[in-house]
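J.: any chance you could fold what I've pasted below:
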Amino acid sequence: MITPIFRHFPSCFSILAVATVALCSAAAVAGSGAAPVVRLVKEINPGTESSDPAAFVTVDGAAYFRANDGSHGFELWRTDGSEAGTELVIDLNPGLPNGFPDSMAALNGSLY
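T.: Numbers count the residues shown, from 1 in each chain. Next up is the predicted model:
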């Protein structure tokens, strides 16, 4: 389990999120000969606090994960590797309390 290790190093979460998005993007360019580019896609929680992204699962070319934007608590997010395509999917527990989606899995093109 990676999460407990990175809790002590918040800056590593941005790296993890960027790397995961790059892997997701790499699937889109697989076979094209193009190399994936690792970059920050979107600042989910602007400022000094980390959005603490974790629990990444890929479904149909999109990465689903939990993150905290500072307004909704830890909720379900998705990215297609672009800024416009990185968005809150659902606020499972409306308001600031955490919905905290965890232990997600992909099966036959669905997220569980």
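
J.: residue 98 belongs to a helix?
T.: No - under DSSP: H, G, I helix; E, B strand; the rest coil, residue 98 falls outside any helix and is assigned coil.

J.: could I get the contacting residues of the nearest residue in space to it that is not next to it in sequence?
T.: Of all residues not flanking residue 98 in the chain, residue 73 sits nearest, at 3.8 Å (C-beta to C-beta, 6 or more residues apart in numbering). The way it works is simple: take the backbone N, C-alpha and C, and place the C-beta from them, glycine included. Taking C-beta atoms under 8 Å, 6 or more residues apart in numbering, we find residue 73 in contact with 93, 95, 96, 97, 98, 99, 100.

J.: tell me the confidence at the first one?
T.: The reference is to residue 93. The model reports residue 93 with a pLDDT of 89.

J.: how about the fifth one?
T.: Looking at residue 98, its pLDDT stands at 90.

J.: for residue 55, see how far away it is.
T.: 13 Å (C-beta to C-beta, to the nearest Å).

J.: one more: the first one?
T.: Distance of residue 93 to residue 55, computed by C-beta to C-beta: 16 Å.
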